[in-house]
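Engineer: need a structure here:
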Amino acid sequence: MIKRKISAAALTMSMYPIILGFILNPYGEKSFTPFSLFFLDSISYSVTYWIFSSPIILLYGGFTSWISDWISLKVTSKWKRNNAFHLFSFVLHLLFGSVLGKISLIAAFLFFVMDRLIEWKVKKITWLKTLLFSLVPILVFLIVLFLSRLKG
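Structural biologist: Got it, this is the predicted structure:
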């Protein structure tokens with residue numbers, strides 16, 4: 001399970017800052033800026049979001065995701081419904097993710113989705129696959145850093 005959690009954290013660390021860069025408008029709500037400028041600025045802000053959110057996603061997100069799954073397994077092990085575990089875990093992910101409001105709730109939702117996708121799609125996760133998943137955020141960070149330099 002630890003390999004899956006590290007892999008899910010790596011994928012979340014890759015996607016969350018970019019999503020956040022486009023959700024939080026750097027110009028305020030009512031600004032009318034050209035899309036190209038908005039795109040480059042959103043990418044630039046993604047670098048900052050990546051620096052600050054990555055350790056939190058890896059440490060807090062990974063730990064609370066593990067706790068959520070453990071509690072869900074204990075609570076739903078005697079239930080007869082198959083989806084109860086996933087539903088209960090989803091609720092706990094969102095509960096733990098709501099500490100910082102809407103912003104961290106997005107990360108918790110994304111972490112849960114990545115974790116379940118890895119669980120369902122990757123049959124046997126090895127340390128090599130975990131290492132490859134862990135290289136994804138570094139690659140994405142370098143691409144985003146390059147794109148943010150295009151602005152000047």
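
Engineer: so where do the helices sit in this structure?
Structural biologist: Listed from the start of the chain, the chain has helices (DSSP state H) covering 2-23, 35-56, 62-76, 84-97, 102-121, 127-150.

Engineer: Sort out which residues of the shortest one are buried, please.
Structural biologist: Okay, so that is helix 84-97. Residues Phe85, His86, Phe88, Ser89, Phe90, Leu92, His93, Phe96, Gly97 are the ones in helix 84-97 that count as buried (16 or more other CB atoms under 10 Å). Every residue, glycine included, has its C-beta placed from N, CA and C.

Engineer: just checking, the fourth one touches Ala108?
Structural biologist: By that I understand Ser89. No - the pair Ser89 and Ala108 does not pass the contact test of CB atoms under 8 Å, sitting 11.1 Å apart.

Engineer: In contact with the residue nearest to Gly61 when sequence neighbours are not counted: list those residues for me.
Structural biologist: If the residues on either side of it in the chain are set aside, Gly61 comes closest to Phe111, at 5.0 Å by CB to CB, 6 or more residues apart in numbering. Contacts for Phe111 (CB atoms under 8 Å, 6 or more residues apart in numbering) come out as Ala8, Ala9, Thr12, Ile57, Gly61, Ser65, His93, Gly97.

Engineer: Adding pLDDT and distance to Ile43, write those out as CSV.
Structural biologist: Rendered in CSV, the data for the contacts of Phe111 read as follows (pLDDT from 0 to 100; distance: CB to CB, whole Å):
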residue, pLDDT, distance to Ile43
Ala8, 88, 24
Ala9, 88, 22
Thr12, 89, 18
Ile57, 87, 19
Gly61, 86, 23
Ser65, 91, 27
His93, 91, 28
Gly97, 88, 25
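
Engineer: Pull out the buried members of these.
Structural biologist: Among those, those that count as buried by neighbour count (16+ other CB under 10 Å) are Ala8, Ala9, Thr12, Ile57, Gly61, Ser65, His93, Gly97.

Engineer: Chain neighbours aside, what residue packs nearest to the first one?
Structural biologist: Take Ala8 and drop its neighbours on the chain: the residue closest to it by CB to CB, 6+ apart is Asp115, 3.9 Å away.

Engineer: For that neighbour, give me its contacts.
Structural biologist: If you count contacts by CB under 8 Å, 6+ apart, Asp115 has them with Arg4, Lys5, Ala8, Ser65.
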